[in-house]
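Peer 1: this one's structure only:
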C-alpha cells in the first residue's frame with residue numbers, strides 16, 4: 001500500500017495525541033498524588049506495579065483479540081476509536097480526584113481509575129502501532145513512517161512535559177500547590193479533547209490493507225509462536241530497559257529542579273530543550289540511515305545516553321551548575337534525550353521487522369501480539385520506574401512539603417536519577433549486541449524469501 005501525504009500526516013497526528021495522554025500519566029501521576037494530594041509515594045508506586053501485573057495478562061490478550069478481529073472497517077481502526085473514547089474519559093478522571101475525600105477513598109480512586117486507564121490505553125495503543133508492519137514493507141518505507149510517527153509522538157511527549165508546570169498554576173488561579181488539583185483537572189480535560197480529535201482524524205484518514213487470509217490459531221499456539229521469535233523477544237527486553245532508564249530520571253528530575261536547583265521555571269525550559277533534541281534526532285534518522293547500519297546506530301545512541309547520565313551526575317554532584325548557572329545542565333539533558341529519540345524509532349523498526357522474521361520462521365504474522373508486548377513493556381517500564389522513584393523519595397527522606405531538603409537527601413536524589421539509569425542502559429547494550437541479528441542485509445534476505453513464498 002502506497003501511503004499518500006495526508007495518510008502520513010494523519011498517522012503522525014494520531015501518534016502526537018496518543019503520547020500526550022501517556023506522558024501526562026507517566027511523568028505526573030506521582031507528582032499529582034504525592035505532592036498535590038499528599039498520598040504516600042510508596043503506595044502510589046505499589047498501585048502502578050500491581051497494575052503492571054494485571055497488564056501481563058491483559059495486554060497480550062488484547063493483542064490476540066485484535067488479531068482475530070474482522071470487520072468491514074478493518075482489524076485495527078475499530079479498536080483504536082473505541083479505546084480512545086474510553087481512555088479520554090479515564091485520563092480526565094485520573095486527574096480529577098474527588099475534593100475532600102479521605103486518604104483511604106483517594107487510594108481506592110487511584111487504584112480503580114488507573115487500572116481502567118491502562119486497560120483502555122491498551123485497547124488503542126496495540127492496534128495503533130500494529131498498523132506499521134501491516135501497511136508498510138520492510139526497508140525505507142517502514143523506516144520513514146516509523147521515524148515520522150515517532151517524531152510526532154516525541155512532540156506529543158514534550159507538550160505535557162514542557163507545559164504542565166507552567167499551565168497548571170494558571171488554570172488553578174493560584175500558585176499554592178494545594179490548589180494545583182484544579183489546574184490538573186482542567187489540563188487533563190484539554191489533553192483528553194486533543195487526544196480524541198487526533199485519533200478520530202487518524203481513523204478517518206489512515207487506510208488499512210485488506211487483511212490477508214490468516215489461519216485462526218489458539219491462544220496457546222500464538223504465544224508459542226511469539227516465544228519462538230527470538231528477535232521479537234530480544235526487542236521486547238530492549239524496550240523494557242531503554243524505557244525504564246529514561247522513566248526513572250523522568251520521574252525524579254522535577255523533584256531535582258524543585259528542591260535542588262530551586263527553580264521550577266528552569267525545569268520547563270530544560271525539558272523543552274531536551275525534547276527538542278529528541279524530536280530533531282528522530283527526524284534525522286532517515287538521513288543518518290543512508291550511511292549507518294541500524295544496529296550500529298542503536299548502539300551509538302545508547303552510548304551517548306550513558307555518557308549523558310555520567311555528565312549529569314558530575315555536574316549535579318560537584319555543584320558546577322550553581323556556579324555557572326543551571327543552563328549547563330542542558331548539555332547532558334540533550335545527550336540523554338537525543339539518544340532516547342533514536343532508540344525509540346529504532347525499537348519500533350526492530351519490532352516491525354521481527355514480525356516479518358516471525359512469519360518466515362513460524363509461518364504466521366503476529367503484528368498485534370508482538371506490539372501488545374511493546375505496549376505492555378512500555379507501561380511496565382513506567383510502572384517499575386514510578387515504583388523505584390517512590391521508594392527513592394522515601395529512602396532519601398525527601399519531604400514534598402518542606403521548602404528545603406538536607407544535604408544527604410539531595411545527594412541521594414542526584415545519584416538515584418543517574419547511576420541506575422546508566423547501569424540499565426549498559427545491560428540493554430550487552431543484551432542487544434549479543435542477541436539481535438536482523439541487520440539490513442538479513443532483512444533484505446527475509447523480504448525476498450517471503451515474496452518468493454507468496455508467489
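Peer 2: Everything's here; your move. These numbers were taken from a predicted model, which means no experiment stands behind them. Residues are numbered from 1 along each chain as shown.
Peer 1: Pull out the buried positions in stretch 380-391.
Peer 2: 380, 381, 382, 383, 384, 385, 386, 387, 388, 389, 390 (16 or more other C-beta atoms under 10 Å). In this view, the C-beta of every residue, glycine as well, is placed from N, C-alpha and C.
Peer 1: Test my guess that residue 201 contacts residue 10.
Peer 2: Yes: if you go by C-beta atoms under 8 Å, residue 201 and residue 10 touch, sitting 5.3 Å apart.
Peer 1: So these two - more neighbours on which side?
Peer 2: Set residue 201 next to residue 10 and count neighbours by other C-beta atoms under 10 Å: residue 10 wins out with 22 against 17.
Peer 1: Relative to the whole chain's centre, how far out is stretch 344-362?
Peer 2: Averaging C-alpha positions (C-alpha atoms, centre = their mean, to the nearest Å) puts stretch 344-362 18 Å from its chain's average.
Peer 1: Output the below-cut-off pLDDT ranges for the stretch 101-250 of the chain.
Peer 2: Applying pLDDT under 70 to the stretch 101-250 of the chain flags residues 210-226.
Peer 1: switch the cut-off to 80
Peer 2: Filtered on pLDDT under 80, the stretch 101-250 of the chain yields the residue ranges 133-134, 136-140, 175, 178, 209-227.
Peer 1: mind listing what residue 91 touches?
Peer 2: 21, 24, 25, 117, 188, 191, 192, 195 (C-beta atoms under 8 Å, 6 or more residues apart in numbering).
Peer 1: gap between the residue minimising distance to the centre of the chain and residue 371?
Peer 2: In the chain, the residue lying closest to the centroid (C-alpha atoms, centre = their mean) is residue 378, at 5.5 Å. Look at residue 378 and residue 371: by C-beta to C-beta, to the nearest Å, they are 10 Å apart.
Peer 1: Same question for residue 319.
Peer 2: The gap separating residue 319 from residue 371 is 44 Å, by C-beta to C-beta.
Peer 1: okay, those two: which has more neighbours?
Peer 2: Under the neighbour definition other C-beta under 10 Å, residue 319 and residue 371 were set side by side, and residue 371 has more, 28 against 12.
Peer 1: before we move on, which element is that one in?
Peer 2: For residue 371, the host element (DSSP states H and E) is helix 367-395.
Peer 1: what pLDDT, on average, does that helix get?
Peer 2: Mean pLDDT, computed over helix 367-395, is 80.
Peer 1: Report all helices and strands that it contacts.
Peer 2: On a contact count with 3 or more C-beta pairs under 8 Å, 6 or more residues apart in numbering; DSSP states H and E, helix 367-395 meets helix 5-31, helix 41-67, helix 103-135, helix 219-228, helix 230-256, helix 330-362, helix 407-416.
Peer 1: Let's see that with 10 Å instead.
Peer 2: helix 5-31, helix 41-67, helix 103-135, helix 219-228, helix 230-256, helix 330-362, helix 407-416, helix 419-435 (3 or more C-beta pairs under 10 Å, 6 or more residues apart in numbering; DSSP states H and E).
Peer 1: Can you name every helix or strand that the first one contacts?
Peer 2: By that I understand helix 5-31. Using 3+ C-beta pairs under 10 Å, 6+ apart, helix 5-31 sits against helix 41-67, helix 77-94, helix 103-135, helix 140-172, helix 180-205, helix 230-256, helix 367-395.
Peer 1: got the buried residues for the fifth one?
Peer 2: Within helix 180-205, the residues that qualify as buried are 180-189, 191-192, 194-196, 198-203, 205, counting by 16+ other C-beta under 10 Å.
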